[in-house]
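S.K.: I would like to see how this sequence folds:
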Amino acid sequence: SFSKNVHQDFLIRELLNKKLKDAAVSNIHIERSSDNVTITIFSARPGIVIGKKGEGIEGLRKEVAGLMNTTINNVLLNINEIKKPELDAKLVASSITQQLERRVLYRRAMKRAVTNTMRLGANGIKVKVSGRLNGAEIARTEWYQEGRVPLHTLKANIDYGLSEALTTYGIIGVKVWIFQDDDAK
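M.R.: Numbers count the residues shown, from 1 in each chain. Model prediction:
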């Protein structure tokens, strides 16, 4: 049933994201046909996902099959490499998150992300961090933008990513918007 599938998809994504925390996963597509499930993982580091001689993939397939109560033959895993991780909002957000968790100054992390993305030819990027920045008593929001990010333009190709940094002072939310002209892709 539909609701069961949605719940299953949620569990599969949760499992894969937990397992592949270090593999820079941006997106997980799940397609179903009769009994088969095809899962496409978009990752900037496919090597980590695949593992030595494909051990990683086999392990993941086993776990997903176990989660769905089917055999491993019904689970297909594809891995797509993301050539330019700096143009993927989700990956930029996670990289800032990792830096914040390593106690890098948030302004430096933001600026670095913005310059890297703009250097690779994005038309605009906006980064926003909210929470107890540098452990301040009062939470606040800071943002930094370069280029143009037309959020009100419906046909604008804007990639959005959200990530949360678990710091000793609490959670810091990181949001990233990246605008790319369609002809750039």
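
S.K.: burial of the closest residue to L91 other than its chain neighbours, as a residue count?
M.R.: Spatial nearest neighbour of L91, chain neighbours left out: P85 (4.5 Å); criterion: C-beta to C-beta, 6 or more residues apart in numbering. All C-beta atoms are positioned from the backbone trio N, CA, C, and that covers glycine. For P85, the count of nearby residues is 20 (other C-beta atoms under 10 Å).

S.K.: how close does A89 get to A139?
M.R.: The gap separating A89 from A139 is 23 Å, by C-beta to C-beta, to the nearest Å.

S.K.: neighbour count winner among those two?
M.R.: A89 (24 against 14).

S.K.: quick one: secondary structure of the residue of the chain most remote from its centre?
M.R.: Relative to the centre of the chain, the most outlying C-alpha is that of E137, 29.2 Å out, by C-alpha atoms, centre = their mean. Counting by DSSP: H, G, I helix; E, B strand; the rest coil, the backbone at E137 sits in coil.

S.K.: how about A156?
M.R.: coil.

S.K.: surely it touches P150?
M.R.: Yes: with contact defined as C-beta atoms under 8 Å, A156 counts as touching P150 (4.8 Å).

S.K.: what is in contact with the two at once?
M.R.: F179 (C-beta atoms under 8 Å, 6 or more residues apart in numbering).

S.K.: out of the two, which sits in the busier spot?
M.R.: A156 (17 against 13).

S.K.: give me the pLDDT value at the more buried one.
M.R.: We have a pLDDT of 89 for A156.

S.K.: tell me the contacts of it?
M.R.: 150, 179.

S.K.: quick check: what element follows the lengthiest helix in the chain along the chain?
M.R.: When the chain is parsed with DSSP state H, its longest helix is helix 2-19. Sequence order places strand 25-33 as the next helix or strand after helix 2-19, per DSSP states H and E.

S.K.: much appreciated, bye for now.
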